[in-house]
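J.: the amino acid sequence is not available; the structure is as follows:
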């Protein structure tokens, strides 16, 4: 059996190369760990927190003229955000009258159509009140 030994100069040159590779691998792992920690822990989230609900502003019901001499008596309530200033309901009532005027009784009797109109009203009120209205609720909805 023959054993080969490396000359002393070659043996010492091989050890620093291994040590440099280990050092580079350790540094790379530390950099990746620091990046992951920043990403999952320290980085502020891009999405804003949902607004907290504040008071519910209940408005007096109004009568809206529908098609063919019918009418709708509708009452609404506005769910305001916690940081919303005191709201005036006149914009909401105006938007409600504008949205429901001239519609047919049959159109308002179908739950899906009524829900679409409610979503449209909610979207309009979010814009009119600059995000201070979170939701709109029907407190009264009577057609005749």
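T.: In hand now; what should we look at? None of these values were measured; they are calculated from a predicted model. Residues are numbered from 1 along each chain as shown.

J.: what about residue 65, how many residues nearby?
T.: By other Cβ atoms under 10 Å, the residues close to residue 65 number 13. (C-beta placed from N, C-alpha, C; glycine too.)

J.: kindly report the same for the one 10 residues further on.
T.: Number of residues near residue 75 (other Cβ under 10 Å) recorded here: 16.

J.: repeat that for residue 53.
T.: Residue 53, neighbours per other Cβ under 10 Å, totals 13.

J.: and stretch 99-107, how far apart are its ends?
T.: 13 Å (Cα to Cα, to the nearest Å).

J.: avg pLDDT for it?
T.: Mean per-residue pLDDT for stretch 99-107: 93.

J.: what sits up against that stretch?
T.: Stretch 99-107 is contacted by residues 64-68, 70, 72, 74, 108, 113, 117, 120-121, 124, 143 when judged by Cβ atoms under 8 Å, 6 or more residues apart in numbering.

J.: of those, grab the buried ones for ChimeraX.
T.: Of the contacts of stretch 99-107, the buried ones go into a single ChimeraX selection, burial set by 16 or more other Cβ atoms under 10 Å:
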select :64,66,72,74,108,117,121,124,143
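
J.: residue 88: which of the contacts of stretch 99-107 is nearest?
T.: Checking those against residue 88 with Cβ to Cβ, the nearest one is residue 124 at 15.5 Å.

J.: please enumerate the helices of this structure.
T.: Secondary structure of the chain, counting by DSSP state H: helices at 8-37, 90-100, 105-109, 111-128.

J.: quick one: the residue most central in space within the chain from residue 81, how far?
T.: Centroid-nearest residue in the chain: residue 50, 6.2 Å away (criterion: Cα atoms, centre = their mean). Distance from residue 50 to residue 81, counting by Cβ to Cβ, to the nearest Å: 10 Å.
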